[in-house]
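> 3D model of this:
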Amino acid sequence: MAGQIPQRFIDDLLARVDVVELVGERVQLKKAGRNHAGLCPFHQEKTPSFTVSADKQFYHCFGCGAHGNALRFLMEYDNLPFPEAVEQLASRLGLEVPREGADDPRAQARERKRKEGVNLLELSASFFRERLKMPEGQAARHYLAERGLSPEIQAAFGIGYAPDEWESLKRHLSVREIPETVQVEYGLLVHREESGRTYDRFRDRVMFPIRDVRGRTIAFGGRVLGDAKPKYLNSPETPVFHKGRELYGLFEARQANTRLERLVIVEGYMDVVALAQFGIRNAVATLGTSTSEDHLSRLFRMVDEVVFCFDGDRAGRQAASRALEVVLPLMIDGRQARFLFLPEGDDPDTLVRREGAEAFVDRITCASPLSEFLFDLAARGRDLARIEDRERYASQVLAATGKLPDGLLKSMMLNELSRRTGVERSRFEALMSRSDIGVGAPVEVEATSAPLQPSSVTGAGAGPQHDRMPLGLVARILQLLLHEPILVERLPETEDWYPEGDPDVPLCREVVRLLRAGRYRSGQVLLAHFHGSDQGQRLAVLVRREMLIPRAARAQELDGLVEHFRRHQRRPSCQERVDALLAKQRSGERLSPEERQRLMTLLAELGS
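As a prediction, this is how the structure comes out:
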């Protein structure tokens, strides 16, 4: 029925519906004083932070910030548009939803156009799928087979084919009495003003339907089979599709796993589909735009961790910098953002096919936390022995830190910046309170005689030369155990997970043995045991480095590192592969172009 819903009806509806009863049908709630509490349905958590107030008829999550009334809850939880949520609330009370202007021909026309738009996109998706099966789709089927996509993955993502004809889809939809004007409005036809002609926007392309969170087709992306340009073509903005808000593959990821904990943001359709083919079903892609705040707000409602995946070239680094700026204001406590850079010349599609799923998951597990990337980005291209460069380094980090929400991460970033620069934290807090500080803006920093502490990506604190060596993965485990000794209970009883060749392994073995034997619950007591030894100096360096991983995520970090080591036990290490290639070269054998490229990639990984 056409027409707007009167505001007075909405107000009356909300006054008559009990939000506690509505939410309680979907979330297990317990009485907590005058309110009710439970686990938030909009993000992953183990300790309840979701509160529903019977007095205020309101819900709020102190973890992810979700809040609203009964109508808002239905829209968010059941993924309903506003009119359908109102209809559902009204049906609970046996009420019919009134409409203003129901007899207005213009309102009726708008409603009719909306329904036509929804129907034609689903009809188009079905049309493309059917054409893929026909003789005209042979080249597309061959292309998909070459890319290694199984029929099951093709079906899961609804992949189809747009025939190499000017009016194939146009005829199909017109026969079903869908006006050409509507087909143009929803991006399926192109209209040439000079000639008045309309023709299919997508021709001779593999078609990827873009679905909303409810699984409804709202747009398309097409990949050309030949050398035509553009290689990828997306639907334009339409009444139902806004590329700055939608993510390809999000519906499919939620279908594969309703309890997602992490989502990986990649660049294109084939990256998402190729990863899915290898069993990695938690990847999504932006649609020809940079990652936006709308994108990330939606993802953080579903998961606590987002991993940005970029090419390792200059363009990838620039894209990562833009993503960092967008994600900073959204980093409330408990959320994680990581940055994964692939070898130059690779994308997720090519890399997962060459290395396999386990190796790609390892890369995701070991991706740089936001804090490490931020410090590394600020230090890049600067000589941190020079006071002027140190000032700019501190300015950039401080400006970015100022964008973080108040919380543990912001506090720990200030502590870490103070430790690395030798400037008191209170000085940074005073500077940050100035309203004119922005990203990259110059900040006056008092120079001190204290040496600058290198980035956690490149070293530990000041001290002997070996203390400034890169912080390895075993050292990260030692850090976790020093700050959270109880985590030793999560380590395997056997010692087969320790990697070979890491200089911190003997110390890690000894620390684990002492923690299990003495049941230490304090990192300081553990340090006292090693006092006066080289091992004690190493542990002191590690404990001085702030743990920038939130407490709630440390157990997951430890589990991921151990799993990474176990997976690599059966594969040659990066260093071993480098040594083998160098030995072959020294023996006089000529390396093939592929071997030379592999050697450069491995050396880059060792140096990163």
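
> So for the residue nearest to Gly268 when sequence neighbours are not counted, what's the pLDDT?
With CB to CB, 6 or more residues apart in numbering as the measure, Ala285 is the residue that lies nearest to Gly268, at 5.6 Å, once sequence neighbours are left out. C-beta coordinates here come from the backbone N, C-alpha and C atoms, glycine included. For Ala285, the model assigns a pLDDT of 95.

> which phi and psi does Ala285 have?
With angles defined as degrees, to the nearest 10, Ala285 sits at phi -130, psi 140.

> Could you pull out the strands in the stretch 101-250 of the chain for me?
Ranges of strands within the stretch 101-250 of the chain are 160-162, 189-191, 198-200, 205-211, 217-224, 232-234, based on DSSP state E, counting those that start in this stretch.

> Mean pLDDT for these - can I get that in CSV?
As requested, the strands of the stretch 101-250 of the chain are arranged in CSV below (pLDDT from 0 to 100):
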stretch, mean pLDDT
strand 160-162, 97
strand 189-191, 95
strand 198-200, 96
strand 205-211, 96
strand 217-224, 94
strand 232-234, 92
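
> could the ones you listed go into TSV alongside mean neighbour count and distance to Leu132?
Rendered in TSV, the data for the strands of the stretch 101-250 of the chain read as follows (neighbours: other CB atoms under 10 Å; distance: least, CB to CB, whole Å):
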stretch	mean neighbour count	distance to Leu132
strand 160-162	27	4
strand 189-191	17	21
strand 198-200	19	16
strand 205-211	25	8
strand 217-224	22	12
strand 232-234	20	17
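
> Of the ones you listed, give the one that comes closest to Leu71.
Ranking those by proximity to Leu71 (CB to CB) places strand 217-224 first, at 22.7 Å.

> Now do that closest one and strand 205-211, the angle between them.
Between strand 217-224 and strand 205-211, the angle formed by their directions is 160 degrees, by axes from the mean of the first three to the mean of the last three CA atoms, to 10 degrees.

> Please identify the pairing partners of strand 217-224 and their relative orientation?
Looking at strand 217-224 with DSSP bridges, its partner strands are strand 205-211 (antiparallel), strand 232-234 (antiparallel).

> got the ones you listed as JSON lines, with distance to Glu344 columns?
Written out in JSON lines, the entries for the strands paired with strand 217-224 read as follows (distance: least, CB to CB, whole Å):
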{"stretch": "strand 205-211", "distance to Glu344": "26"}
{"stretch": "strand 232-234", "distance to Glu344": "21"}
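
> so which of these gets nearest Gly244?
Using CB to CB as the measure, strand 232-234 is the one of the strands paired with strand 217-224 that comes nearest Gly244, at 12.0 Å.

> For the closest one, give me every contacting residue.
Taking CB atoms under 8 Å, 6 or more residues apart in numbering as the criterion, the residues outside strand 232-234 that touch it are 201-202, 205, 210, 219-224, 243, 268-269, 287-288.

> Phe341 is in contact with Ile364, correct?
No: no contact is recorded between Ile364 and Phe341 when judged using CB atoms under 8 Å, the distance being 11.8 Å.

> start to end distance for stretch 485-498?
Across its full length, stretch 485-498 reaches 18 Å end to end, with CA to CA, to the nearest Å as the criterion.

> With distance to Gln556 as new columns, can the strands of the stretch 101-250 of the chain be given to me in TSV?
Formatted as TSV, the strands of the stretch 101-250 of the chain follow (distance: least, CB to CB, whole Å):
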stretch	distance to Gln556
strand 160-162	39
strand 189-191	48
strand 198-200	48
strand 205-211	30
strand 217-224	33
strand 232-234	35
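
> What distance do you get for Asp559 to Leu507?
In this view, Asp559 and Leu507 are 21 Å apart by CB to CB, to the nearest Å.

> Looking at those two, which is more packed in?
In this view Asp559 and Leu507 are compared by other CB atoms under 10 Å, and Leu507 has more residues nearby, 21 against 14.

> Check the more buried one and give its pLDDT.
The predicted local confidence for Leu507 comes out at a pLDDT of 92.

> Am I right that it is in a helix?
Yes: membership of Leu507 in a helix is supported by DSSP: H, G, I helix; E, B strand; the rest coil.

> need the helix or strand of the chain with the lowest average pLDDT.
None of the helices or strands of the chain scores lower by mean pLDDT, DSSP states H and E than helix 593-607, at a mean of 65.

> what about the residue nearest to Gly268, how many residues close to it?
Each residue near Ala285 was counted by other CB under 10 Å, and the total is 25.

> Which residues are in contact with it?
For Ala285, the set of contacting residues under the criterion of CB under 8 Å, 6+ apart consists of Leu247, Tyr248, Gly249, Ile265, Val266, Glu267, Gly268, Tyr269, Asp271, Val272.

> which two from the residues you listed end up farthest apart in space?
Pairwise distances across those (CB to CB) peak at 13.3 Å, for the pair Ile265 and Tyr269.

> Flag the shaky bits of the stretch 401-550 of the chain, pLDDT-wise.
Within the stretch 401-550 of the chain, the ranges that satisfy pLDDT under 70 run 434-471, 518-522, 524-525, 528, 546-548.

> got the CA coordinates for stretch 31-44 in CSV?
Coordinates of the C-alpha atoms in stretch 31-44 are reproduced here as CSV (Å, rounded to 0.1, in the frame of the first residue of the first chain):
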residue,chain,number,x,y,z
LYS,A,31,17.2,-9.0,35.5
ALA,A,32,19.9,-6.6,36.6
GLY,A,33,18.5,-4.1,39.0
ARG,A,34,15.9,-2.0,37.2
ASN,A,35,17.2,-3.1,33.8
HIS,A,36,17.7,-6.4,32.0
ALA,A,37,21.1,-7.5,30.6
GLY,A,38,22.5,-10.0,28.2
LEU,A,39,25.1,-10.8,25.5
CYS,A,40,24.9,-8.2,22.7
PRO,A,41,23.4,-9.7,19.5
PHE,A,42,25.2,-7.2,17.3
HIS,A,43,28.8,-8.1,18.2
GLN,A,44,30.8,-11.0,19.7
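
> Now find how far off-centre it is within its chain.
How far stretch 31-44 lies from its chain's middle: 26 Å, per CA atoms, centre = their mean, to the nearest Å.

> helix/strand/coil for the residue lying closest to Leu247 once chain neighbours are set aside?
Closest residue to Leu247 in three dimensions, ignoring its sequence neighbours and counting by CB to CB, 6+ apart: Val284, at 4.3 Å. Under three-state DSSP, the three-state class of Val284 is strand.

> who are the neighbours in contact with Val284?
Applying CB under 8 Å, 6+ apart, the residues near Val284 are Leu247, Tyr248, Gly249, Leu250, Ala253, Leu263, Val264, Ile265, Val266, Val272, Leu299.
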